[in-house]
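Novice: Sequence below, structure please.
(2 chains)
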Amino acid sequence: MPVPFSQTKDHYDLIVIGSGLGGLTSANRLAYCGHKVLLLEHHHRLGGLATWFKRNGHIFDISLHGFPYGMVKTCKKYWNREIMGSIVQLKNIVFDNPQFTLKTTFDKNDFTNILNTTFKIPLQTVHDFFTTVAGMNFYDDQSMTTRELFEQFFPGRTDVHRLLMEPITYANGSTLDDPAITYGIVFSNFMNRGVFTFEGGTDKLIQMMSDELEKNGVTICTKSKVDRIVVEKGKVRGVEVNGKVITAKAVVSNSGITNTIHNLTDRNCFSDEFLSRADAIRVNNSSCQVYMGIRDGERIADVGDLLFTSTAPEFDSAELLDIHTRSKTFSVYYPKTRPGHDRYTIVASMNGRYDDWTRLTDEEYQHEKEEMTARAIADLERYIPGVREKIDWLEAATPRTFNRYTLHTHGTSFGTKFEGLDISRTIFKEVPGLFHVGSVGIIMSGWLGAINYGVIVANDVDGYIRSI
Amino acid sequence: MTNDEIKDLILEIIEDIDDEADFDNLNPDEPLRDQLDLDSMDFLDIVMELRKRHQLQIPEEDYPQLATLNSCVNYLEPLLKNA
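Specialist: So this is what the prediction gives:
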């Protein structure tokens, strides 16, 4: 259980700011390495964007849509076997758009078959494509874009481009114009074995992680917003919360790389060269969601676990970001999601731009939200006829909502573009003792990316603390 | 530590990472990664374990030296001489 902030000590080996999956994992790994860790979270619950909310007997998951199989090994190694044991496959992934309609397990075997038989792509081409993306590393050349990658293997085949790109755009916010490696690494991770989820829901996962942190001796404080990172003589000295300074040998910020540099740390601590690169970091887009709860006792048919739907003629990154986009993903949560909790919920997710929603007046904002909700229900009716009558809770989130709960710059739900990775990896060279963990560079994003990056940063921090 | 002890140490760490790892047909001169299905995260775990157990600081540019079992031994031998 989190302890009240008043019970914190004056000194810890290190402090983690923010409890997204990256922050939680860094805290856990560093406690495992033998350090005294304080974890501070501004919100009343842990998890960052790995979160949920309860309404009218429903539990709505915000970001539990599906992660790659690599999560099994990662949870076993960096959390525990109980967490690993709750990971189950989502077998029915559906695509429906004007170019094609199909159902898949979203793994290499099934995709090879679909590309060959449905899309008539020669097996050798499919094989070469998979070999190319599987061989991509984050330190590789970034000059090729995803668009160029697709054109190289499947020239002019906008239907194939859509099949390959649409899910990844929802998974990490990347576009056809981002470096091909950011696509290839994430796509290959999924193609390994398919799409997986956490049985019991986000609330169960975060509770299990919280228990593990406590077992490992991490002190957790929620409702504790860090006002600033204290730097003295060029080195990290601690953090200030509500006027109280807590000292530490190192601080790991999971508060967003742009927040960390622009809002939490005195700019004078950084070199001009570093700042000019940090100022150029582009944050990724944000999201919109519509949450639909099915009345207790009602049932809906199994129409698939994850439905990538669109009525736009072709895949177009700009169309997916438009405030009136015709493209959305439905995550359908059946009673199997939370065994024992006999409910159905559906979450429609769309990508969105923060600016499109902040420039609206309050009246326009309400209107757009209502329109978006109405479009989501109308689209869902195509797959579950009559669902409108079964819904007893409806709510929508916009980039403004994401900004309010996560404090992320521009409400970003996928961290930063590629350049954020280098800044995140080198910030401790600018200010010794200051580290960053969180979604950066597109690849260190999503549940698996965030957890693995938490481990990578924990290694840096452990090395630093043991060297001073 | 003797060379054999270093070998055992590495294999013990790998076994902690992957309890299904099969060492029977391991070629000490071939990359561990290819033979044992290890990924870059697993190598990071080896680095962290060596730091935890033996206070070894292995810089990132030296990670390639941990590629094979024999290269691990050659690299770690002078560092663990007195361990």
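Novice: So which residues on chain A come close to chain B?
Specialist: Contacts of chain A with chain B, taken as CB under 8 Å from any CB of the partner chain, map to A:29, A:33-34, A:74, A:77, A:452, A:455-456, A:458-459, A:462-463, A:466-467. Quick note: C-beta positions are derived from backbone N, CA and C, even for glycine.
Novice: For the closest residue to chain B within the stretch 351-468 of chain A, grab the count of nearby residues.
Specialist: Chain B sits closest to A:N459 of the stretch 351-468 of chain A, with a gap of 5.3 Å, by CB to the nearest CB. A:N459 sits with 21 neighbouring residues when counted by other CB atoms under 10 Å in any protein chain shown.
Novice: Do you know the pLDDT at it?
Specialist: pLDDT for A:N459: 96.
Novice: Same check on the one 3 residues further on?
Specialist: For A:D462, the pLDDT comes out at 96.
Novice: Going by residue numbers, what spans are helices in chain B?
Specialist: With helices called from DSSP state H, chain B shows them at B:3-17, B:32-36, B:40-54, B:69-76.
Novice: Ignore what I typed, I meant the stretch 301-450 of chain A.
Specialist: Applying DSSP state H, counting those that start in this stretch to the stretch 301-450 of chain A gives helices spanning A:317-321, A:354-358, A:362-381, A:387-390, A:399-406, A:419-430, A:446-467.
Novice: mean confidence for the fifth one?
Specialist: If I follow you right, that is helix A:399-406. The model assigns helix A:399-406 a mean pLDDT of 94.
Novice: burial measure for the closest residue to A:S255 other than its chain neighbours, as a count.
Specialist: Nearest non-adjacent residue to A:S255, counting by CB to CB, 6 or more residues apart in numbering or on different chains: A:G18, 4.4 Å away. Counted with other CB under 10 Å, the neighbours of A:G18 add up to 29.
Novice: check contacts around A:G18.
Specialist: A:40-42, A:48, A:253-256, A:438 (CB atoms under 8 Å, 6 or more residues apart in numbering or on different chains).
Novice: Quick check: the gap between it and A:N254.
Specialist: In this view, A:G18 and A:N254 are 3 Å apart by CB to CB, to the nearest Å.
Novice: hmm, back to that, give the contact list for the residue of the stretch 351-468 of chain A closest to chain B.
Specialist: A:29, B:44, B:47-48.
Novice: if we go to 7 Å?
Specialist: B:44, B:47-48 (CB atoms under 7 Å, 6 or more residues apart in numbering or on different chains).
Novice: What of A:I246?
Specialist: A:8, A:10-12, A:15, A:38, A:238-239.
Novice: Quick check: it vs A:T175, distance?
Specialist: Distance from A:I246 to A:T175, by CB to CB: 41 Å.
Novice: related to what we said a few turns ago, of the contacts of A:N459, list those near chain A.
Specialist: Counting by CB under 7 Å from any CB of the partner chain, B:44, B:47-48 from these sit close to chain A.
Novice: Please identify which of those is nearest to A:N109.
Specialist: B:L44 (29.6 Å; CB to CB).
Novice: Relative to A:S424, how far out is that closest one?
Specialist: Applying CB to CB to B:L44 and A:S424 gives a distance of 16 Å.
Novice: So for these two, which residue has more residues nearby?
Specialist: The neighbour count for B:L44 versus A:S424, taken as other CB under 10 Å, is higher for A:S424 (28 against 17).
Novice: unless I'm mixing things up, the more buried one is touching A:S439, no?
Specialist: No. Taking CB atoms under 7 Å as the definition, A:S424 is not a contact partner of A:S439, at 9.4 Å.
Novice: okay, the helix or strand of chain B with the lowest mean pLDDT in PDB with CA atoms only?
Specialist: Between all helices and strands in chain B, the lowest mean by mean pLDDT, DSSP states H and E belongs to helix B:32-36, at a mean of 89. Provided in PDB are the C-alpha atoms of helix B:32-36 (Å, rounded to 0.1, in the frame of the first residue of the first chain):
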ATOM      1  CA  LEU B  32      25.700 -17.700 -27.100                       C
ATOM      2  CA  ARG B  33      22.900 -15.700 -28.700                       C
ATOM      3  CA  ASP B  34      22.500 -18.100 -31.600                       C
ATOM      4  CA  GLN B  35      22.700 -21.200 -29.500                       C
ATOM      5  CA  LEU B  36      20.600 -20.300 -26.500                       C
END
